[in-house]
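K.L.:
need a structure here:
(one chain, ligands or ions: 3)
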Amino acid sequence: MRGDKAHPSSQGMVCVKGATIAESLDKNRLHYPMVRDSLDQEFRRVSWDEAFDLITKRIQTVRFTQRPEALCMYGSGQFQTEDYYIAQKLMKGCLGTNNFDANSRLCMSSAVSGYIQSFGSDGPPCCYEDLELTDCVFLIGTNTAECHPIVFNRLQKHHKKNRKVKMIVVDPRRTPTAEAADLHLAIRPGTDIDLLNGIAHLLMRWNYIDTMFMDDCTSNFPAYAEVIRHYSPEIVANQCGISIEDLETAARYWGKSERVLSLWSMGVNQSSEGTAKVRTIINLHLMTGQIGKPGAGPFSLTGQPNAMGGREAGGLANLLPGYRVVKNPQHRAEVEEFWGLKPGQISPNPGLTAWDMITGLENGAVELLWIAATNPAVSMPDLERTKKALLRSPFTIYQDAYYPTETSAYAHVLLPAAQWGEKTGVMTNSERVLTLSQAFRQPPREAKADWEIFAEVGRRLGFEKEFAFTNSAEVYAEFVKLTKTRPCDMTGISHAQLQAEGPTQWPYPEESPNCTDAINRVSNKRLYTNLRFHTPDGRARFGAYYSKGLAEPPDPDYSFVLTNGRLYGHWHTQTRTGRIEKICKMHPEPFIEIHPRDAAKLDIVDSMYVEVRSRRGKAKFPAKVTKAIAPGTVFVPMHWGSLWADNAEANALTHPESCPDSLQPELKACAVQLIPILVEVTIKNHQLQSSQSSAAKCT
Ligand SMILES: Nc1nc2c(c(=O)[nH]1)N[C@H]1C(S)=C(S)[C@@H](COP(=O)(O)OP(=O)(O)OC[C@H]3O[C@@H](n4cnc5c(=O)[nH]c(N)nc54)[C@H](O)[C@@H]3O)O[C@H]1N2
Ligand SMILES: Nc1nc2c(c(=O)[nH]1)N[C@H]1C(S)=C(S)[C@@H](COP(=O)(O)OP(=O)(O)OC[C@H]3O[C@@H](n4cnc5c(=O)[nH]c(N)nc54)[C@H](O)[C@@H]3O)O[C@H]1N2
Ligand SMILES: [Mo]
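P.N.:
Ligands and ions are numbered 1, 2, ... in the order given. I've put the predicted structure just below:
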């Protein structure tokens, strides 16, 4: 495995996950469709024909005896764009329910809502070249060094080479990212809006604002000015748990820099006020005119390989293809017409979100759940409740590349999916660059591409014409037509074009007499260079938000804040990285980080087991006593589900509080108690052995 030196984004760099991934290609793959009547039975192998027949019959029954709203699909940013598109056409178009949501709900949905509300459209406005052109980079709620190592590498080179470039990191933990910063603001979890409003307060006070930009290009500033008035440095420093000097330094770095770039990820998005946090970051850019120019702008770092493509294809319950939204009647009409559906076929109601699907199983509203390319039995919040709900599901189809995963235990039907390298499709990265990911090997045994599975079900439901595709290039060609004149116009892009020209950035409209290729390529690097936004009046909107803080703040009974996140070597639920020797050696087991002061109070010493309890569940981890975590806060990695360690599931503790605008669960923080375990317990680290033995059973 080598990086692609010609790729404009990675420039040939790969991290450990990329470098070792070949090792996981043939380990524990799901090879055949399998079914069972109830969850206590063994799976039996069936032919694709039988599996398709079973699924279509079940869909028809639910559709005609209940309602299409009882059908749900839960997909993923691991899909290629073609998989996403076909799923939207099947669910939202042909079946008439918007109940398609993706794991992006747990990830980027706050950024999507924030961009839409502030700019009138989704779409990160920056590009990676900005990493090398900025004077000040503001990293908030992102451990870029471990989670976006290639991005971080580019940034670090620039930072090291240019002494004047400032790097500010806002994170309750002293992560490797924070280690590299000129200024680390170790705020209390959930106090981001306090901090951002506090910086805005100082920028106002010191007159570091761009009034001309605000007058010409923005709206709603007065409401915002009224809010930030209340965020004096004394109040903010106290609230965030940082010094006034550090707060002032941050504001000064921001105010004095010609070009400011902010980067953020899950420490911001994964919150019940995630959208407000995103908009509050954008506010700082609007008040200082830091957008639409090189080296500047609000830049969300996308988590998964193709979560961006999912947004383009409309892969959340509130979206439609081409950066359209379900609630907009014109958007629905455009998509209906394009798909040849009768007017009104697309439901005007946003569908069930990922968490709504879980509560829908609890209250009987969901009759059929189709899960693909995600492992919710590890990654959903409030895991005990999630698993109980999954156990009640009348019919669950689970389509994954690997077996077993924690979620396969909850499936009635298992469908083997081809993964990257075994199917050809398009993926989009954070800077809007599209890459053709080409197949280089056959899918193992009977595995099929996700889009092929959805299309075959569509045809068997009677939509032959709608799903008459013979390859993914045709699927893509149809999809791009739906982006015509939309903010993410990619009508000039096709599989053949990507193959010939290489990775391409959108917007990339098809060639027309007054819009040549050359012009497109120059102007699409950054969005909003003309300082006109996609709102009706062309102005970017300030969002005026007071901080609400954590949805579940600590209290005398649950006095610590638990936060969680990622480690450099592991990918999410370990279906691949857990099977790679080098990575397992790098991160042999889960742990809980505790500050020495807290540890001393509770008589906890390094490596001692600690039981962590929240209102929803409990888990056990060996302690890692370290000053890298702020007192009062503890941290556990998210990667260990029940297949990889006993009693150490971080998500058993998290909670599903969600807010109405982005519907983002509060995954990053919850209140917990810590109980040292004096008698040694074993957290058996199953790792490679367990997965190999269970695999032997199924294949
Ligand atoms: N190695 C690795 N890389 C990955 C992934 C992986 O699984 N492994 N997954 C990918 C995906 S899908 C995603 S979404 C990204 C996630 O990338 P990141 O968001 O960078 O990763 P996390 O570790 O989840 O969270 C980042 C930081 O948020 C901090 N944080 C917690 N609470 C708060 C808060 O209230 N405020 C602030 N400011 N910070 C807070 C945590 O301490 C943590 O260091 O990574 C992607 N890259
Ligand atoms: N507490 C807490 N919870 C979190 C997070 C957190 O930070 N803290 N992060 C959240 C975030 S940001 C994310 S993105 C989620 C990630 O959570 P998940 O989506 O559950 O994580 P993955 O392990 O990436 O699961 C992807 C699944 O897809 C399979 N797969 C891979 N490629 C393909 C393919 O092409 N087709 C099919 N059908 N299957 C495929 C893999 O084998 C794997 O089972 O977790 C969320 N949950
Ligand atoms: Mo993510």
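
K.L.:
can you tell if stretch 171-184 touches ligand 2?
P.N.:
No. Stretch 171-184 lies out of reach of ligand 2 by Cβ under 6 Å from any ligand atom, never closer than 12.9 Å. Where C-beta positions appear, they are placed from N, C-alpha and C, glycine not excepted.

K.L.:
and that stretch, how far out from the chain's middle?
P.N.:
22 Å (Cα atoms, centre = their mean, to the nearest Å).

K.L.:
quick one: is it near ligand 1?
P.N.:
Yes. Remark: stretch 171-184 sits within contact range of ligand 1 at 171, 172, 173, 175, by Cβ under 6 Å from any ligand atom.

K.L.:
quick check: closest non-adjacent residue to the residue of the stretch 251-400 of the chain found nearest ligand 3.
P.N.:
Per Cβ to the ion, residue 303 is where the stretch 251-400 of the chain lies closest to ligand 3, at 2.6 Å. Of all residues not flanking residue 303 in the chain, residue 107 sits nearest, at 4.7 Å (Cβ to Cβ, 6 or more residues apart in numbering).

K.L.:
strands - which of the residues of stretch 171-184 next to ligand 1 land there?
P.N.:
Among the residues of stretch 171-184 next to ligand 1, no member falls in strands (criterion: DSSP state E).

K.L.:
top of the residues you listed by neighbour count?
P.N.:
residue 172 (27 neighbours; other Cβ atoms under 10 Å).

K.L.:
surely it touches residue 629?
P.N.:
Yes. Between residue 172 and residue 629 there is a contact under Cβ atoms under 8 Å: 7.2 Å.

K.L.:
any chance you could map the helices in the stretch 1-150 of the chain?
P.N.:
16-20, 48-65, 81-88, 109-119, 144-147, 149-161 (DSSP state H, counting those that start in this stretch).

K.L.:
and the shortest one, does that touch ligand 2?
P.N.:
Right, helix 144-147. No. Judged by Cβ under 6 Å from any ligand atom, helix 144-147 and ligand 2 are separated, with a smallest distance of 9.6 Å.

K.L.:
and ligand 1, is that helix touching that?
P.N.:
Yes. Under the criterion of Cβ under 6 Å from any ligand atom, ligand 1 is reached by helix 144-147 at 146, 147.

K.L.:
please renumber so the chain begins at 13
P.N.:
Sounds good: first residue 13 from here, last item helix 156-159.

K.L.:
name the helices or strands packed onto that helix?
P.N.:
Helices and strands touching helix 156-159, by 3 or more Cβ pairs under 8 Å, 6 or more residues apart in numbering; DSSP states H and E, are helix 161-173, helix 188-191.

K.L.:
next, residue 477: secondary structure please.
P.N.:
Following DSSP: H, G, I helix; E, B strand; the rest coil, residue 477 is assigned to coil.

K.L.:
burial count for it?
P.N.:
Residue 477: 9 surrounding residues under other Cβ under 10 Å.

K.L.:
can you check residue 271 too?
P.N.:
17.

K.L.:
then residue 474?
P.N.:
Neighbours around residue 474, by other Cβ under 10 Å: 11.

K.L.:
show the contacting residues for the spatially most central residue of the chain.
P.N.:
Central residue of the chain (Cα atoms, centre = their mean): residue 119, 2.9 Å from the mean position. Going by Cβ atoms under 8 Å, 6 or more residues apart in numbering, residue 119 touches 89, 278, 281, 282, 315, 316, 319.

K.L.:
ok, and the most crowded of those residues?
P.N.:
residue 281 (30 neighbours).

K.L.:
what's stretch 76-86 in contact with?
P.N.:
Contacts of stretch 76-86 (Cβ under 8 Å, 6+ apart): 71, 74-75, 99, 103, 107-109, 111-115, 359, 363-364, 366, 369, 372, 377-384, 386, 388.

K.L.:
before I go, just wanted to say thanks for your time.
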